[in-house]
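**Student:** next input, structure requested:
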Amino acid sequence: MTLIILIILIILIVLTLVRFNLYQKLTKLNQVGKLDSNVNLLYDDYYHTSKKKDSRKLNCNLGIVRKHFLSEPYDYDISMLDIPYNKPCHLLVVSSIDLELELELVKKYPQLEITAFSNNLFNTKFLSEKIKNSNNIQIGYSNSDDIYKEFINTDIKFDRILVRECLGNISQRSKFLKDIKNIVAENGFIYIKTFVFQPIFKDNGNQKKMAEYNRVFLQQQNLIDYWNYNFSTTQNVINDSLEHFKKVRYQEIKFLQLVYLYNFCDFVKILRIYFLQMGLRIGNLEDWFIISSLKMLVLKVYL
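**Tutor:** Sure, this is the predicted structure:
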């Protein structure tokens, strides 16, 4: 019995240390984005040409980062927005799902003004009712690609712009960033959290590797079509950002490492999506690989 308790304690200590290191890594964003023309365009090209994409959206908040097991699901995002306590701040949420994050923000920062958009008309009406007694939050209806049109004839500037797990739903990423630059305040930034693929590269001199690359790419195509999401790559996102902005700080971790940052309900949610919604099986290692080839990418983009 003593040995079992000791083993459990060791496992808990190891898990705690791994969680701490991953959390520190994702909060520091100590990598500086640099332009690089050597990029893999397989995923962007496939996304824009595929006729098999479903209509669903990747808006299930899988990128949850918890500092502690009992931390709230939005604590990490709130801390990364770096909202000032003592002066007015205006936040734009490009794609809002349930307003839970926004409501937590205005509780903590009463001076904060939030403009949030939904790309679903019925959800927009629902959210408007949800915050009808709030003076801090305004709800709008717009596709993420077209949000800039809502401000094109105004002088409105945002201190923070949140693009959370919706960047891959934006069909023209570079144009979106170019447009959104016009409404970022002088000392503001864009906070982006998205998912990207670990890119594969062709090796024409090795037929065995070519066959493996093609197998992996077919599985990744399935994920792109299922979620109607351009997972792209880290470098492509950085290149598009630096085309219009001066500085990018970022960090990425493997998607499966998020398990260390989840609590039980988060872990159950991802299993439900994988097994029930997607209909995949634990015995199919090829299907598991499309999950293991994903990474979560977090960026702050500055003028």
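**Student:** what residues sit buried inside the host helix or strand of K208?
**Tutor:** Using DSSP states H and E, K208 sits in helix 207-227. By neighbour count on 16 or more other CB atoms under 10 Å, the buried set for helix 207-227 is Y213, V216, F217, Q220, Q221, N222, L223, I224, D225, Y226, W227. In this view, the C-beta of every residue, glycine as well, is placed from N, C-alpha and C.
**Student:** that helix: what's the following helix or strand?
**Tutor:** Using DSSP H and E, the helix or strand that follows helix 207-227 in sequence is helix 234-242.
**Student:** distance from the chain centre to that following helix, please.
**Tutor:** Centroid separation between helix 234-242 and its chain, computed with CA atoms, centre = their mean, to the nearest Å, is 14 Å.
**Student:** strands of the stretch 51-200 of the chain, start to end?
**Tutor:** Per DSSP state E, counting those that start in this stretch, the stretch 51-200 of the chain carries strands over the ranges 89-93, 112-118, 137-141, 158-164, 184-197.
**Student:** mind checking how far T27 is from V268?
**Tutor:** Taking CB to CB, to the nearest Å as the measure, T27 falls 25 Å from V268.
**Student:** neighbour count: the two, which is higher?
**Tutor:** More crowded of T27 and V268, by other CB atoms under 10 Å: T27, with 15 against 11.
**Student:** pLDDT value on the more buried one, please?
**Tutor:** Note on T27: pLDDT of 96.
**Student:** that one belongs to a strand?
**Tutor:** No - counting by DSSP: H, G, I helix; E, B strand; the rest coil, T27 is not part of a strand but helix.
**Student:** got the contact list for it?
**Tutor:** Applying CB atoms under 8 Å, 6 or more residues apart in numbering to T27 gives the contacts Y76, S79, M80.
**Student:** switch the strands of the stretch 51-200 of the chain over to JSON lines; also include mean pLDDT.
**Tutor:** Converted to JSON lines, those look like this (pLDDT from 0 to 100):
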{"stretch": "strand 89-93", "mean pLDDT": "97"}
{"stretch": "strand 112-118", "mean pLDDT": "95"}
{"stretch": "strand 137-141", "mean pLDDT": "94"}
{"stretch": "strand 158-164", "mean pLDDT": "96"}
{"stretch": "strand 184-197", "mean pLDDT": "96"}
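**Student:** re earlier: tabulate the buried residues of helix 207-227 in JSON lines, adding columns for pLDDT.
**Tutor:** Output for the buried residues of helix 207-227, formatted as JSON lines (pLDDT from 0 to 100):
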{"residue": "Y213", "pLDDT": "81"}
{"residue": "V216", "pLDDT": "84"}
{"residue": "F217", "pLDDT": "88"}
{"residue": "Q220", "pLDDT": "91"}
{"residue": "Q221", "pLDDT": "92"}
{"residue": "N222", "pLDDT": "88"}
{"residue": "L223", "pLDDT": "89"}
{"residue": "I224", "pLDDT": "93"}
{"residue": "D225", "pLDDT": "93"}
{"residue": "Y226", "pLDDT": "89"}
{"residue": "W227", "pLDDT": "90"}
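**Student:** pLDDT weak spots in the stretch 51-200 of the chain?
**Tutor:** 59-60 (pLDDT under 70).
**Student:** surely P110 and C89 touch.
**Tutor:** No - if you go by CB atoms under 8 Å, P110 and C89 don't touch, sitting 10.8 Å apart.
**Student:** on that earlier part again, show me which of the buried residues of helix 207-227 is closest to Q172.
**Tutor:** I224 (16.5 Å; CB to CB).
**Student:** and for that closest one, nearest residue in space, chain neighbours not counted?
**Tutor:** Closest residue in space to I224, ignoring its immediate chain neighbours: Y47 at 5.6 Å, by CB to CB, 6 or more residues apart in numbering.
**Student:** gap between the host helix or strand of that neighbour and the chain center?
**Tutor:** Element membership of Y47 [criterion: DSSP H and E] is helix 42-49. Between the centre of helix 42-49 and the centre of its chain there are 19 Å (CA atoms, centre = their mean).
**Student:** in that helix, what counts as buried?
**Tutor:** For helix 42-49, the neighbour count (16+ other CB under 10 Å) marks L42, Y43, D44, Y46, Y47 as buried.
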